[in-house]
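Engineer: Based on what follows, work out the 3D shape:
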Amino acid sequence: MWDAEGAVPSGMESSGPDTMTLLKAVADPVRWQALQFLLAPERSECSRDRGVCGCDFERVLQLTQPTISHHMKVLVDAGLVRAERQGRWVFYEIVPEAFAALQRRLDPFSGPVPERPS
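Structural biologist: Numbering: from 1, shown residues only. Sure thing, here's the model as predicted:
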């Protein structure tokens, strides 16, 4: 189950953003709240069927637009959220495949701990 150096369980390697980048992105309380809002947004007049308008985060997060933009950029750069600019508005949506990939990376930690070679 462990690699030749006995350091990393086999099958945990993957492509895309590294696991630490993803975990840091979701560990921040503001970003976690933004992700929760994306799962169950309250629609406003500038929302659309797919995606939440960036302006909607101001009311929910009670932060300034530059601060919200910074946090959303971290989530987008990690690949957890997709952003689409339409005119002066930016619409955000969750990338379910990214969360599924993160879950697969964490799955080995939810089972029995493999024994290290002697």
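Engineer: Using CSV, write out every CA atom in the helix or strand where residue 33 lies.
Structural biologist: In this assignment (DSSP states H and E), residue 33 forms part of helix 29-39. In CSV, the C-alpha atoms belonging to helix 29-39 read as follows (Å, rounded to 0.1, in the frame of the first residue of the first chain):
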residue,chain,number,x,y,z
PRO,A,29,-14.1,30.5,7.1
VAL,A,30,-15.1,33.2,4.5
ARG,A,31,-14.5,30.8,1.6
TRP,A,32,-16.4,28.0,3.3
GLN,A,33,-19.4,30.4,3.8
ALA,A,34,-19.1,31.4,0.1
LEU,A,35,-19.2,27.7,-0.9
GLN,A,36,-22.2,27.1,1.3
PHE,A,37,-24.0,30.1,-0.3
LEU,A,38,-23.2,28.7,-3.8
LEU,A,39,-24.9,25.4,-2.8
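Engineer: From residue 113, how far out is the residue nearest the centre of the chain?
Structural biologist: Among the residues of the chain, the one closest to the centroid is residue 80, at 3.4 Å (C-alpha atoms, centre = their mean). Distance, residue 80 to residue 113, by C-beta to C-beta, to the nearest Å: 28 Å. C-betas here are computed from N, CA, C, even on glycine.
Engineer: related to what we said a few turns ago, show me what secondary structure element comes after the helix holding residue 33.
Structural biologist: strand 52-53.
Engineer: Report how many residues lie close to residue 84.
Structural biologist: Using other C-beta atoms under 10 Å, residue 84 has 12 neighbouring residues.
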